[in-house]
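Engineer: Any chance you can model this:
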Amino acid sequence: MFLSSVFEIGFLMGLLGSVHCIGMCGPLVMALPISQKNTFQKFTALSLYHVGKIGSYGILGLLFGLFGSQFPVFTFQRNISIVIGITMLLYVLYVFVLKPKHFHLGILGNYYNHIVKLLSRLFKTKSSISFLFIGLLNGLLPCGMIYLALTSSMATQNIFYGGMLMVFFGLGTMPALLMVAFGGQYMGFNFRKKLQNLLPVFILGMGVLLILRGLNLGIPYLSPIAGIGTQVISCHN
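Structural biologist: Have a look, this model is predicted:
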């Protein structure tokens, strides 16, 4: 089913993206003021943080899904797996092969600085609800993996599917970030660097798999024939 594919793609993209998150969002998660809290308080704080972050992703997914629905000339939904797979390959080519060095954030840089200032204020508050807003703002920080996921949300051409893809993307990032929150001090820089270096390989592999899956080549498990047959109904008087 198309819906289950959206869930799978979103979650797997988040799971792969969590490798990137360890390097980008990991320091922020490790800096969350939870060290003096007991286990229950830590769990509550981290839950609020992830609810906020996933909420941001979901809202962005809804907006991009809505935007994509305004372009019915494209048949992305029918070939969603192929479209997202190609998007991943292009992302790897641009970010990890071409490696643009003179990319200026411009207005985006001002936006980033504003988000960081708001985050710094929230980190100084002692209210538990602040973790929810930290998560909301964290989900709005510029990030290449989020852009990739949002492009996929737009490709669904559906506001609900776009939102759910991003929700499952957020769920996919949770395991790695929880590991960082509870044991980040044991993850050395070299270990995180190795994970970062493996990221393009993971994304490339997933992109190829998604393309093969969408091609319906009849290869068991790898590229099975989709059960989207058409039924011919004959009516006889």
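
Engineer: From now on I want contacts and neighbour counts done on CA atoms only, so please keep to that.
Structural biologist: Noted.

Engineer: Packing partners of the lowest-mean-pLDDT helix or strand in the chain?
Structural biologist: In the chain, no helix or strand scores lower on mean pLDDT, DSSP states H and E than helix 26-30, which sits at a mean of 73. In this structure, helix 26-30 packs against helix 159-183, with contacts taken as 3 or more C-alpha pairs under 8 Å, 6 or more residues apart in numbering; DSSP states H and E.

Engineer: Could you list the buried residues of the helix or strand just after the helix it packs on?
Structural biologist: Sequence order places helix 189-215 as the next helix or strand after helix 159-183, per DSSP states H and E. By neighbour count on 16 or more other C-alpha atoms under 10 Å, the buried set for helix 189-215 is 195-196, 199-200, 203-204, 206-215.

Engineer: and if you look at stretch 44-51?
Structural biologist: In stretch 44-51, counting by 16+ other C-alpha under 10 Å, buried: 45-51.

Engineer: I figured F123 hits P33, correct?
Structural biologist: Yes: here F123 reaches P33: they are 7.0 Å apart, a contact under C-alpha atoms under 8 Å.

Engineer: now stretch 57-73: how far from the chain's centre is it?
Structural biologist: Remark: stretch 57-73 is offset 15 Å from the chain centroid, using C-alpha atoms, centre = their mean, to the nearest Å.

Engineer: can you pull the pLDDT of N190?
Structural biologist: For N190, the pLDDT comes out at 68.

Engineer: residue ranges of the helices in the chain, please?
Structural biologist: Here the chain has its helices, by DSSP state H, at 2-24, 26-30, 39-69, 80-92, 107-123, 130-138, 144-155, 159-183, 189-215.

Engineer: Just tell me which of the ones you listed ends up closest to L98.
Structural biologist: Shortest distance between L98 and the helices of the chain, using C-alpha to C-alpha, is found for helix 80-92: 8.8 Å.

Engineer: for the closest one, packing partners?
Structural biologist: helix 144-155, helix 189-215.

Engineer: how far off helix 189-215 does it point, in degrees?
Structural biologist: Orientation check (axes from the mean of the first three to the mean of the last three C-alpha atoms, to 10 degrees): helix 80-92 against helix 189-215 gives 140 degrees.

Engineer: outside of helix 80-92, which residues touch it?
Structural biologist: Contact with helix 80-92 is made by 5, 76, 148, 151-152, 155-156, 200, 203-204, 206-215, as judged by C-alpha atoms under 8 Å, 6 or more residues apart in numbering.

Engineer: could you redo the last one with a cut-off of 7 Å?
Structural biologist: Contact with helix 80-92 is made by 76, 152, 155-156, 200, 203-204, 207-208, 210-211, 213-214, as judged by C-alpha atoms under 7 Å, 6 or more residues apart in numbering.

Engineer: How about stretch 151-163?
Structural biologist: With contacts defined as C-alpha under 7 Å, 6+ apart, stretch 151-163 is touched by 6, 58-59, 61-69, 76-77, 80, 84, 165-166.

Engineer: What residues sit buried inside that stretch?
Structural biologist: 151-163.

Engineer: how distant is that stretch from the center of its chain?
Structural biologist: 13 Å.

Engineer: Contacts only, for G58.
Structural biologist: Applying C-alpha under 7 Å, 6+ apart to G58 gives the contacts 163-164, 166-167.

Engineer: ok so, going back, mind giving me JSON lines with the helices and strands packed on helix 80-92 and columns for distance to N110?
Structural biologist: Rendered in JSON lines, the data for the helices and strands packed on helix 80-92 read as follows (distance: least, C-alpha to C-alpha, whole Å):
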{"stretch": "helix 144-155", "distance to N110": "17"}
{"stretch": "helix 189-215", "distance to N110": "26"}
